[in-house]
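Undergrad: structure for the following, please:
(one chain, ligands or ions: 1)
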Amino acid sequence: MSYTNILTEVRGAVGFLTINRPTQLNALNPETLQEIVQGMRELEGNASVRVVVVTGAGDKAFVAGADIKAMQAMGFAEADAFGRLGHECMSTIEECPRPVIAAVNGFALGGGTELALACDFIYAADSAVFSLPEVTLGIFPGWGGTQRLTRIVGKAKANELIFTGRKISAEEALQLGFVNAVVARAELQSAVEVVANAIAANAPLAISYAKRVILRGLDVGLHGGLAFERSTFPACFGTHDCKEGIAAFLERRPAKFQGR
Ligand code: DAK
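TA: Okay, the predicted model is just below:
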């Protein structure tokens, strides 16, 4: 498919979705949010894609937030629609049955941090900068930032970051626990490809079940989460990949998973 503000590409088992408005630091306007939803659906529907990587075009930014110019003219109804679309975009990423890795290559501000937080985990360039500066504009993080950041770093840290809007380095984000790895900018793509390919070598349906159980488990108490895990687990034994993985182990050969 062809898009205006994003690029999609499949290399081997990895699908790449690149937000591509570098002159506006990849800021998210309504069209870009819509295209991200379409791009995710396209990659999700491609049977050869086992992992998706989301990144930003250019050297400077992952995503510098919601498009501030686009927001200037918005009234209540437009802002409501923009909010819904943003949530749809973040949820499409979060609910994608394949793992989604954010490769944060520069500024991830406001909606950029929120987009990264909707991914399953974040690898960041050492030059990356994160923040939720919405309160400096008279708004607050409204595409999931208040919820997703708080669940990862806890209430007090999230409060401080959201109330001050201060920028933090990739290293501080790593210490806070919402970035998994920080690598030199020039090595970001290869580091992400290494982890993406390691994931892609494993059983896709098992990963998809695990992702869903982890995600749903965050919404419920321990007992509810354990019950969901227990009831989902037997589905693995209905898959060809489970039989293949067990047989391959016993026959001392590498497993060849087919995602069925
Ligand atoms: N929106 C639109 N354009 C942006 C932009 C943005 N967020 N960020 C940068 N740009 C544009 C600049 O205007 C400039 O465009 P031209 O003037 O050349 O046309 C170009 O990108 C290059 O930016 P700079 O010239 O500013 O570059 P610098 O290196 O000097 O500075 C910077 C880089 C990233 C520090 C700076 O651009 C900056 O502070 N950008 C804004 C960052 C920011 O405040 N982002 C948070 C936006 S608030 C909602 C839910 C959630 C949200 C909104 C609604 N609802 C529920 C409805 C989310 C809100 C946000 O994300």
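
Undergrad: domain map for the protein?
TA: Residue ranges for the domains of the chain, per automatic domain parsing: 6-200, 204-250.

Undergrad: the ligand is nearest to which of these?
TA: Set against the ligand and scored by C-beta to the nearest ligand atom, these come closest in domain 6-200, at 2.2 Å. All C-beta atoms are positioned from the backbone trio N, CA, C, and that covers glycine.

Undergrad: does any part of stretch 4-20 sit near the ligand?
TA: No: Stretch 4-20 does not reach the ligand (C-beta under 6 Å from any ligand atom); its nearest approach is 12.1 Å.

Undergrad: output the domains of the chain as CSV; include the columns mean pLDDT, mean neighbour count and distance to residue 257.
TA: As requested, the domains of the chain are arranged in CSV below (pLDDT from 0 to 100; neighbours: other C-beta atoms under 10 Å; distance: least, C-beta to C-beta, whole Å):
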stretch, mean pLDDT, mean neighbour count, distance to residue 257
domain 6-200, 98, 19, 9
domain 204-250, 97, 14, 5
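
Undergrad: export these to a markdown table and tack on distance to residue 259?
TA: Below are these laid out as a markdown table (distance: least, C-beta to C-beta, whole Å):
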| stretch | distance to residue 259 |
| --- | --- |
| domain 6-200 | 7 |
| domain 204-250 | 4 |
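
Undergrad: which strand or helix spans residue 62?
TA: In this structure, residue 62 sits in strand 61-63 according to DSSP states H and E.

Undergrad: which residues are in contact with the helix or strand that comes right after that strand?
TA: Scanning forward in sequence from strand 61-63 by DSSP H and E, the next helix or strand is helix 68-72. Helix 68-72 is contacted from outside by 27, 29, 30, 79, 82, 137, using C-beta atoms under 8 Å, 6 or more residues apart in numbering.

Undergrad: would you check that residue 225 makes contact with residue 216?
TA: Yes: counting by C-beta atoms under 8 Å, residue 216 is a contact partner of residue 225 at 7.4 Å.

Undergrad: find the nearest non-adjacent residue to residue 131, please.
TA: Spatial nearest neighbour of residue 131, chain neighbours left out: residue 167 (4.3 Å); criterion: C-beta to C-beta, 6 or more residues apart in numbering.

Undergrad: that neighbour reaches residue 128, doesn't it?
TA: No: counting by C-beta under 8 Å, residue 167 sits too far from residue 128 to count as a contact (10.4 Å).

Undergrad: would you list every one of the helices in the stretch 151-260 of the chain?
TA: With DSSP state H, counting those that start in this stretch as the criterion, the stretch 151-260 of the chain has helices at 155-164, 170-176, 188-200, 204-217, 222-232, 240-250.

Undergrad: and the longest one, C-alpha only, in CSV?
TA: Meaning helix 204-217. What follows is helix 204-217, C-alpha atoms only, in CSV (Å, rounded to 0.1, in the frame of the first residue of the first chain):
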residue,chain,number,x,y,z
PRO,A,204,4.2,-17.0,16.9
LEU,A,205,0.9,-18.3,18.3
ALA,A,206,2.5,-19.0,21.7
ILE,A,207,3.9,-15.4,21.7
SER,A,208,0.5,-14.0,20.6
TYR,A,209,-1.3,-15.9,23.5
ALA,A,210,1.4,-14.7,26.0
LYS,A,211,1.0,-11.1,24.8
ARG,A,212,-2.7,-11.3,25.3
VAL,A,213,-2.6,-12.9,28.7
ILE,A,214,0.0,-10.4,29.9
LEU,A,215,-2.0,-7.4,28.6
ARG,A,216,-5.4,-8.6,29.9
GLY,A,217,-3.7,-9.6,33.2
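
Undergrad: so what secondary structure elements neighbour it?
TA: helix 222-232, helix 240-250 (3 or more C-beta pairs under 8 Å, 6 or more residues apart in numbering; DSSP states H and E).

Undergrad: how far does the last one sit from its chain's centre?
TA: Going back to what we said before, that points to helix 240-250. 30 Å (C-alpha atoms, centre = their mean, to the nearest Å).

Undergrad: thanks a lot, see you next time.
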